[in-house]
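> When you get a sec, could you give me coordinates for this:
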Amino acid sequence: MQELLTILLLVGSGTTAGVLFAVALSVVPAFAALPPERYVETHKLVGRRFDHVMPAVVLASTLIGAWQATEAADTTARTLFGAAAAFGLAVSLVSQMGNVPINRTVKRLPAGPVPDGWDDPRRRWRAWHLLRTSCAVAALVLNASAVVLATA
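Below is the predicted model of the structure:
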C-alpha cells in the first residue's frame, strides 16, 4: 500500500506542476495576446475541464503527502513531505482565493464585446497563476526528494 500511495503522490504532484507549468508557458501568453472579447471566450473554453479535475488531483496529492509526512521513518523525509504538503495546500488556497474568483467573474460575462469600464483581470490572474505554479513545482521537487531519501 505504501508503494501505491508513493506512486499516486508523485503522479498527482507531477501532474499538478506539469499542468500549471504548461498553462504558464502557453495559455497565459495566449490570453495576454488576445483582444478582450476573444480572451473571455477562450478563457471560458480553456477552464471548462480543468475546474473538474485539478482540485481533486491537488487535494489528493496534498493529503497523501501529509500522510507520508507522518509515516516516513527518516526525519528529513518527514520534513520534506510535510513541506511539500504545505506547498500543495498553498496551491489550493491560491487557486480558490485568487484564480477561481476571477474565473467565475469571466464566466459570467456575456458573449460579445466586454462591457464599458470592464476591469481586465488578466494581469491579476497571471500573478496568482504564477504563484500557484511556483508552489506546485516546489511541492514536486520536495516530494521527489523525500521519496529518493526515503528509499535510499
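
> How is the residue lying farthest from the centre of the chain assigned, secondary-structure-wise?
Within the chain, Asp116 marks the point farthest from the mean C-alpha position, 31.9 Å out by C-alpha atoms, centre = their mean. Secondary structure assignment for Asp116 (DSSP: H, G, I helix; E, B strand; the rest coil): coil.

> Give me the pLDDT for it.
Looking at Asp116, its pLDDT reads 91.

> Who are the contact partners of it?
If you count contacts by C-beta atoms under 8 Å, 6 or more residues apart in numbering, Asp116 has none. Every C-beta, even on glycine, is put in place using the N, C-alpha and C of the backbone.

> And it, how far from Leu89?
Distance, Asp116 to Leu89, using C-beta to C-beta, to the nearest Å: 39 Å.

> For whichever strand or helix holds Ala86, the averaged confidence score.
Assigned by DSSP states H and E, Ala86 belongs to helix 75-94. Averaging pLDDT along helix 75-94 gives 97.

> ok, and what's touching that helix?
With contact meaning C-beta under 8 Å, 6+ apart, helix 75-94 is reached by 13, 16, 20, 55, 58-59, 61-63, 65-66, 68-70, 72, 128, 131-132, 135-136, 138-140, 142-143, 145-146, 149-150.

> What's the first helix or strand after the host helix or strand of Ile7?
Per DSSP H and E: Ile7 is located in helix 2-22. Next helix or strand after helix 2-22 toward the C-terminus (DSSP H and E): helix 28-33.
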